[in-house]
Structure formats: structure tokens, C-alpha cells
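Visitor: my questions are about this predicted structure, shown below with the sequence.
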Amino acid sequence: MSDLILIGKGSQPIGILPRMANRHGLVAGATGTGKTVTLQRLAESFSRIGVPVFLADIKGDLGGISQPGGQNQRVADRVAKLGLSNFDYSACPVTFWDILGEQGHPVRTTISEMGPLLLGRLLQLNEVQEGVLNVVFHVADEKGWLLLDLKDLRAMLGYVADNAGELRTAFGNVSAASVGAIQRRLLALEQQGGANLFGEPALDIQDLMQTDERGRGIVNVLAADRLIHTPAVYATFLLWLLSELFEQLPEVGDRDKPKLVFFFDEAHLLFSDAPKVLVDKVEQVVRLIRSKGVGVYFVTQNPLDVPDSILGQLGNRVQHALRAFTPRDQRAVRAAAQTFRPNPALDTERAISELGVGEALVSALDPSGIPTMVARVLVAPPGSRIGPIDTAERRAVMASSLVAGVYDVAVDRVSAY
């Protein structure tokens, strides 16, 4: 069991086998039940066996993973209670990222790399407006004009509108009203800070998959405490990143451990009001990215936030407490209980409502890929600091980062604009 990524202990240790970690997973539970600490524990454990991690810091309290733990009596008490010998209070190697470029290295993509499907989702366009956007991309491609940032897209929209008569034969009507609606959505996106997402140098996904000199996986932390206030930008960026990993990484089959583990926090934002074509794309990526050596872990309050077609792909599950105050809450508890392999010694539905902070129900895949019977555990604490870090600590981590200076200065080369 020495290679087990320990989640916690009940009657026996339970956790995730590294070779089964690319079968994806789910961490669920109500606010304040311990999901964030479980997320930190898992990220740290993957890092220590040499697996890079990408996660979003929604509340601003995951920065502590970059600092050694200690001086936390609750952690010390939990370590003693679980009998964790050789428990290591140490930091993880961390790279901080931030779309706004304030709390981490800037992270950008280009309009072309985002593509019309995800960009249409980001701008919340209707079917007609998405059609116009597809025309814009097609014309830019024919002309050899690069679409890198928002001003490139604005310029192309203007060009298409000015030449609508010539384009009508090939592409149908391109109405001024649709172009104007897209332009207004671009203005709203810019006012929300979304313009920072587009430009160069664009993120090289290989920079997310590095290890340090000791062979530990780099933990990539995306500052999202402000980004989460623009949920469309947050969800679309993470979906783009997942899609890029899927498209760029080669097939590697089953490995002893993943090449990367990707945590998608506040996962309900990805599926909220999403069109079927987008949900189908997520399902395809989740189903097939396993063979690229990537494990995807959705973190959300309620398992019902994740569509059944995707929920069925998540083999490793950690369920913190759910509170059943309303009929909908009661249905959620019942649904969560039914997703586990039953344990004759445990009333799963009742246990979900009774779990305390730092307790969870866990089911992981055994060496044959079969889910283990659900077990109630006390979650093991991380060895890194629990909680936020100050500005000086963050800047020190950024200064020593492997990508320091690579993305910090924007480049504006000749493009469609």
C-alpha cells in the first residue's frame, strides 16, 4: 500500500492508486465541509509522486500549498489520531498563474486557439450570431490574417460587415444587427477583464507539466478569487485548457501514474445553461483524455451538478457532507448515495447527512478498475500550510518560478488588426 495516494483512514487506509488516477474523480460536499483541504491533500500527494497538477484557487486560500505546514494544532491532532508515521510538513513546488496578471504569471491564449465554439459560449451568442462568428474565422483563415486578441476580432467583424454583400453568395446573409450584437458582447467582456485572456505570448501547455529538481510535480495554481465573478470567463478558459491538453498530448495508454492531474473547481459553472454541443464536447474530452495520461477531477457542492453522462466516467469519489433541509437537498443526498458501491456495514444515505467537517465517504478504483465499497474516513491533512499566503510570499514564489519572465511581458505582433 506504499504507493497509495492516501485520502484518509476509517477501519483501514483508503486512497487512490496512482495507476488508476487517470480514471478521473469527483470531490463533492456542501460549503464548509472540508472540500478545499481534501483538494489540497490530493494535489500535494500527486506532486510528491512526480505528477504535475493544475487547480484553480477559488477562495484565495490554496496559496499555502507553496509553504511548509506546522504550528497548526488541528493538523497535529489529526495526524496523531490517524497514526500517520513519517508525516512530512513540507511545501510543494508551485507556479502561480493569473489571467489578470496580478497574483501570478499572466496566462493567455489567442482568439484562433480558443476557436468559434468556445468563444461563442464565452460571449453567450445565439445560433445566428455563432454563424457570423464562424464566417469571421473562415475569412480570416482564407486571408491569412492572424486572430490573436480582441482588437483583431473587432477588426475582422468590421471587415465582414463592410463586405457583407460580397460574402453573401458564399456564406449567406451577414446582418449588421448580428455583427453589432457581437461587438457589444465583446465590449462587455472587455469591461469584465476578459481581454486579458487573449494575446501573446500564449500559454504553452508543456509549461504546466514540469517537475522540479527533486522530481516533484509542479502544482500550477490559477488565481480565481476575482475571476470567479465572471463565471463565463472562468469556465470557458478551463474548458479551453482541457481541450488543448486533449488535442496536443500524444496517446500514452495506461501508465504507472498520470502525466497531469487537472482539478476543475466549481464544476457546476461549466454545465450551467451549456448547450448540448458543449456538454457533448466535455463528455468526449473526459472520456478520451484518460488515454493521454490526464486525470480530471471535478470539485462541486452537489453531484447532481455534473451530467450523468460525465458522472459515470468518474471512478474515484470523495463525498463530504450534504445537508438535507429541502426536498431538493434530500434528492441530492439520495442521488449521491446511489452513486457509490454499497457497503452492507454502512447506511450511505444517512452517513452523508451526518458527516462532520473533515470526514468523507470514499470509493476508489481497485487494481482491477472496480470501485471499492464505500467507506467512511477521516481525511488526512496536507503537510503544506492550510490557508492563504501574503503578498511577499507570493512574489518570492513567482520570482523563483520556472516560467519567471517568460509570460510577464505581452507581445503585440502584426495580425488581423
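Guide: Sure, I can see it.
Visitor: for residue 360, what are phi and psi?
Guide: Main-chain torsions, residue 360, degrees, to the nearest 10: phi -160, psi 160.
Visitor: and it, how far is that from residue 309?
Guide: According to Cβ to Cβ, to the nearest Å, residue 360 and residue 309 sit 25 Å apart. All C-beta spots, glycine's among them, are computed from the backbone N, C-alpha and C.
Visitor: and these two? Which one has more around it.
Guide: Between residue 360 and residue 309, counted using other Cβ atoms under 10 Å, the more crowded position is residue 360 (29 against 13).
Visitor: wait, the more buried one sits on residue 7?
Guide: Yes - between residue 360 and residue 7 there is a contact under Cβ atoms under 8 Å: 7.3 Å.
Visitor: can you work out which residues contact both of those two?
Guide: Taking Cβ atoms under 8 Å, 6 or more residues apart in numbering as the criterion, residue 360 and residue 7 both touch 38, 318, 377, 379.
Visitor: what's the neighbour count on the first one?
Guide: When you say that, I think you mean residue 38. 24.
Visitor: same thing with residue 145?
Guide: Residue 145, neighbours per other Cβ under 10 Å, totals 18.
Visitor: that one falls within a helix, correct?
Guide: No - under DSSP: H, G, I helix; E, B strand; the rest coil, residue 145 sits outside any helix and is assigned coil.
Visitor: may I ask which helix or strand encompasses residue 237?
Guide: If you go by DSSP states H and E, residue 237 is part of helix 231-248.
Visitor: contacts for the helix or strand following that helix, please.
Guide: Next along the chain after helix 231-248, taking DSSP H and E as the criterion, comes strand 260-265. Residues outside strand 260-265 that contact it (Cβ under 8 Å, 6+ apart): 21, 39, 42-43, 46, 51-56, 58, 208-209, 224, 238, 241-242, 245, 270, 293-300.
Visitor: helix or strand next in line after strand 260-265, which one?
Guide: Past strand 260-265, further along toward the C-terminus, the next helix or strand under DSSP H and E is helix 268-271.
Visitor: can you tell me the average pLDDT over that following helix?
Guide: Average pLDDT, helix 268-271: 82.
Visitor: which elements pack onto it?
Guide: Packing partners of helix 268-271 (3 or more Cβ pairs under 8 Å, 6 or more residues apart in numbering; DSSP states H and E): helix 231-248, helix 276-288.
Visitor: what's the longest one packed up against?
Guide: Helices and strands in packing contact with helix 231-248 are listed as strand 53-57, helix 111-123, strand 260-265, helix 268-271, helix 276-288, strand 294-300; criterion 3+ Cβ pairs under 8 Å, 6+ apart.
Visitor: buried sites along that helix?
Guide: 232-246 (16 or more other Cβ atoms under 10 Å).
Visitor: picking that back up, quick one: closest of the helices and strands packed on helix 231-248 to residue 90.
Guide: Residue 90 sits nearest to strand 53-57 of all the helices and strands packed on helix 231-248, at 15.5 Å, using Cβ to Cβ.
Visitor: next, the angle helix 231-248 makes with the closest one.
Guide: Interaxial angle, strand 53-57 versus helix 231-248 (axes from the mean of the first three to the mean of the last three Cα atoms, to 10 degrees): 170 degrees.
Visitor: what is the mean pLDDT for the next helix or strand after strand 53-57?
Guide: Using DSSP H and E, the helix or strand that follows strand 53-57 in sequence is helix 73-82. Averaging pLDDT along helix 73-82 gives 93.
Visitor: with stretch 384-399 instead?
Guide: Taken as a whole, stretch 384-399 has an average pLDDT of 95.
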